[in-house]
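Novice: quick one: sequence and predicted model below, then my questions.
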Amino acid sequence: MLFVAVVAIAAAAWFVWQQVAAPGAGAATTSADIISVEATTGSITTTVVGTGNIEESLLEVAAPVGLTYEDLLVEVGDVVEVGTPLARIDTNSVSDALATANDELDALEDSLDALSDNAMTTSYVLSPTYATVKQLHIEAGSSAAEVAAEHGALVVLELPSGAELNIKNTTGTVSELYVSEGSVVYEGSWLFALETPEVTQTAENLEAQRSAKLAELEQLSTLLYEPTVYSDAAGTISSVFIREGESFTAEDGVAAQIVSPEKVQITVTVDELDIATVKAEQTATVEIEALPGINCAGTVTEVTDSASISGGIASYSATVTFDKPEGCLTGMSATATIVKERKDEVLTIPLAAVQEYGTAVYVYTALDETGALSGETQIETGLSNGTSVEVTSGLSAGMMVYYRQQTSSDANASFTANRSMMMGVAPTTQMNGGAPVVGEQR
């Protein structure tokens, strides 16, 4: 009885809200105040917009570190092509590096050998159910992988129903058997034990170091016979970090920077609320103020993780690189629009059509005989870009929704809710109260 009473109270509350408390419902209005729109299927995109100035796009050329360079073949201002020689390495330093790398490889292999090859992990294979051992293809010392490949199973169990159950463990070596053919086993009975080599974190680290050292030796062996660093990019040399007669020790291995003749970039500021959603490789569009009508397709190539603090507010930077259009010069003002998220083939309506009462989210889907908003329909929302919003439930394509035109005060009142939707926080549909009213005219 208590449950029925609670349901009745909830239903009554919804009825009273629709008839009395729902903002705008039943209020007389002129058709000029009402906007009608069809729920449509399409795309919705959220973006970050920032302004900045056109900068040169720098390409980096890497070179082996820890070696001495005897000849520098280029200087700042030189125009290079892919394959242009940049510097020659002193082969004596290559020979020394080879000897050192070989010694380090020997030390790594000694460390690996020192680890106990006999360290094994034992695991026990248990029967999953009551059964009889019908076939046993293993014995102590059997390789689980080889037996499984040959017979398809290590042990075959026969269930009371006559069905067969194959035990197919494929790693390790059988160290002990606990059953024989014809044995009756129960759920949890031990069938056999498997031993597998124990792989420690130390061994894994040593193997990774060994692989890296082998790759280093291969590179050094090549440099011994071809001790030249070539450019892998075309453009104008803007910086050179190699010095003749000195060992090159740059941690990042960047030997030179080259100004790309084909690409430029813009660095924009991203606030702390958006930075988590901006990633390298996201697409962007760049508009250059001095070149109206030209939209350049770009890509986010760098996102900083260090903040600039001003007035207690943290901001970050993102770099967008794009093909240089004709007439584009460094220093020109530009605006970059970075696509944070895009959804296609989703149902959308104007964000202004979304209403809230408490935490109930709804839209008006009809006008009554007096022309007042009616047909309150609860919905759930998804992605929003501040203008349109995705509807995940409650409406279908082709349905009409109605709403009043917003005044400036309405827009200010709905700012917080709009911001929440833009950040992907979909309102709930429980009527607990406390949420701002979105798109409601008071």
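Specialist: Thanks, I have the structure now. Quantities reported herein were computed from a predicted structural model and do not represent experimental measurements. Numbers count the residues shown, from 1 in each chain.
Novice: just the buried positions in stretch 86-95, please.
Specialist: Using 16 or more other CB atoms under 10 Å as the test for burial, stretch 86-95 gives 86-90, 93-94. Placement of C-beta: from N, CA and C, glycine included.
Novice: grab the nearest non-local neighbour of residue 186.
Specialist: Spatial nearest neighbour of residue 186, excluding adjacent residues (CB to CB, 6 or more residues apart in numbering): residue 130 at 5.2 Å.
Novice: so that neighbour touches residue 165, yeah?
Specialist: No - the criterion here is CB atoms under 8 Å, and residue 130 misses it with residue 165 at 10.8 Å.
Novice: show me what contacts the residue of the chain most remote from its centre?
Specialist: Distance from the C-alpha centroid of the chain peaks at residue 182, with 54.5 Å (CA atoms, centre = their mean). Neighbour list for residue 182: 132-133 [criterion: CB atoms under 8 Å, 6 or more residues apart in numbering].
Novice: so what touches stretch 262-271?
Specialist: 48, 50-57, 278, 286, 298, 301, 303, 308, 313-324, 328, 330, 334, 336, 338.
Novice: next: stretch 331-339.
Specialist: With CB under 8 Å, 6+ apart as the criterion, stretch 331-339 contacts 45-54, 266, 268, 278, 282-291, 298, 300, 318, 320.
Novice: cutoff 7 Å now
Specialist: 45, 47-54, 266, 268, 278, 282-290, 298, 300, 318, 320 (CB atoms under 7 Å, 6 or more residues apart in numbering).
Novice: dump the C-alpha coordinates for it into PDB.
Specialist: Extracted in PDB, the C-alpha atoms of stretch 331-339 (Å, rounded to 0.1, in the frame of the first residue of the first chain):
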ATOM      1  CA  GLY A 331      52.600  38.100 -38.200                       C
ATOM      2  CA  MET A 332      49.100  38.200 -39.800                       C
ATOM      3  CA  SER A 333      46.200  37.900 -37.400                       C
ATOM      4  CA  ALA A 334      44.200  34.700 -37.600                       C
ATOM      5  CA  THR A 335      41.500  32.700 -35.800                       C
ATOM      6  CA  ALA A 336      41.700  28.900 -35.300                       C
ATOM      7  CA  THR A 337      38.700  26.800 -34.600                       C
ATOM      8  CA  ILE A 338      39.700  23.400 -33.100                       C
ATOM      9  CA  VAL A 339      37.100  20.600 -33.400                       C
END
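Novice: identify the bridge partners of residue 362.
Specialist: As for beta bridges, residue 362 partners with residue 355, residue 378 under DSSP bridges.
Novice: what number of residues lie near it?
Specialist: Neighbour count for residue 362, taken as other CB atoms under 10 Å: 22.
Novice: ok, it to residue 392 distance?
Specialist: 14 Å (CB to CB, to the nearest Å).
Novice: just the mean pLDDT for stretch 271-280, thanks.
Specialist: Across stretch 271-280, the average pLDDT comes to 90.
Novice: what's the span of it from first residue to last?
Specialist: 16 Å (CA to CA, to the nearest Å).
Novice: check which residues of that stretch are buried.
Specialist: Across stretch 271-280, burial judged by 16+ other CB under 10 Å covers 274-275, 278.
Novice: quick revisit: isn't the residue nearest to residue 186 up against residue 188?
Specialist: No - contact criterion CB atoms under 7 Å: residue 130 and residue 188 do not qualify, at 10.0 Å.
Novice: what's the burial count for residue 190?
Specialist: 14.
Novice: residues contacting the most centrally placed residue in the chain?
Specialist: Nearest to the mean C-alpha position of the chain, by CA atoms, centre = their mean, lies residue 279 at 7.8 Å. Residues in contact with residue 279 (CB under 7 Å, 6+ apart) are 300, 303.
Novice: which SSE is the residue nearest to residue 291 when sequence neighbours are not counted in?
Specialist: Leaving out its chain neighbours, the residue that sits closest to residue 291 by CB to CB, 6+ apart is residue 327, at 5.6 Å. For residue 327, there is no host helix or strand (DSSP states H and E).
Novice: what do you get for residue 99?
Specialist: helix 91-114.
Novice: the helix or strand hosting residue 218: which residues count as buried?
Specialist: Here residue 218 sits within helix 201-225, counting by DSSP H and E. Using 16+ other CB under 10 Å as the test for burial, helix 201-225 gives 203, 206, 209-210, 213, 216-217, 220, 223.
Novice: same question for stretch 121-141.
Specialist: 125, 127, 131, 133, 136, 138.
Novice: so which of these comes closest to residue 237?
Specialist: Of all the buried residues of stretch 121-141, residue 237 sits closest to residue 125, with 65.0 Å by CB to CB.
Novice: OK, contacts around the closest one?
Specialist: 167, 169, 191-192, 194.
Novice: what bridges to it?
Specialist: residue 192.
Novice: and it, how far from residue 321?
Specialist: As judged by CB to CB, residue 125 and residue 321 stand 56 Å apart.
Novice: equivalent analysis for residue 262, please.
Specialist: The value you get for residue 262 to residue 321, if CB to CB is used, is 10 Å.
Novice: before we move on, what about residue 266?
Specialist: 8 Å.
Novice: tell me which of the two has more neighbours.
Specialist: Per other CB under 10 Å, whichever of residue 266 and residue 321 has more neighbours is residue 266, with 26 against 20.
Novice: can you pull the pLDDT of the more buried one?
Specialist: pLDDT, residue 266: 96.
Novice: for residue 49, see how far away it is.
Specialist: From residue 266 over to residue 49 the distance is 12 Å, taken as CB to CB.
Novice: again with residue 217
Specialist: Separation of residue 217 from residue 49 (CB to CB) stands at 50 Å.
Novice: which ones are touching residue 75?
Specialist: With CB under 7 Å, 6+ apart, residue 75 has these contacts: 237, 240.
Novice: can I assume it sits in a helix?
Specialist: No - Residue 75 is assigned coil when assessed by DSSP: H, G, I helix; E, B strand; the rest coil, not a helix.
Novice: in the top strand by length along the chain, which residues are buried?
Specialist: Looking across the chain with DSSP state E, the single longest strand is strand 40-62. By neighbour count on 16+ other CB under 10 Å, the buried set for strand 40-62 is 44, 46-48, 50, 52, 54-59, 61.
Novice: just to revisit the earlier point, average pLDDT across the helix holding residue 218?
Specialist: 89.
Novice: next one: it to chain centre, how far?
Specialist: In this view, helix 201-225 has its centroid 31 Å away from the chain centroid, taken as CA atoms, centre = their mean, to the nearest Å.
Novice: give me the contact list for that helix.
Specialist: With CB under 7 Å, 6+ apart as the contact definition, helix 201-225 has outside contacts at 64, 89, 91, 94-95, 97-98, 101-102, 104-105, 108-109, 111-112, 115.
Novice: would you list the buried entries among the residues you listed?
Specialist: The buried subset of the contacts of helix 201-225 (16+ other CB under 10 Å) comprises 64, 89, 94, 97-98, 101, 105, 108.
Novice: okay, those residues in JSON lines with pLDDT and distance to residue 175 next?
Specialist: Shown next, in JSON lines, are the buried ones among the contacts of helix 201-225 (pLDDT from 0 to 100; distance: CB to CB, whole Å):
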{"residue": "64", "pLDDT": "93", "distance to residue 175": "48"}
{"residue": "89", "pLDDT": "96", "distance to residue 175": "54"}
{"residue": "94", "pLDDT": "95", "distance to residue 175": "50"}
{"residue": "97", "pLDDT": "92", "distance to residue 175": "46"}
{"residue": "98", "pLDDT": "94", "distance to residue 175": "44"}
{"residue": "101", "pLDDT": "91", "distance to residue 175": "40"}
{"residue": "105", "pLDDT": "91", "distance to residue 175": "34"}
{"residue": "108", "pLDDT": "87", "distance to residue 175": "31"}
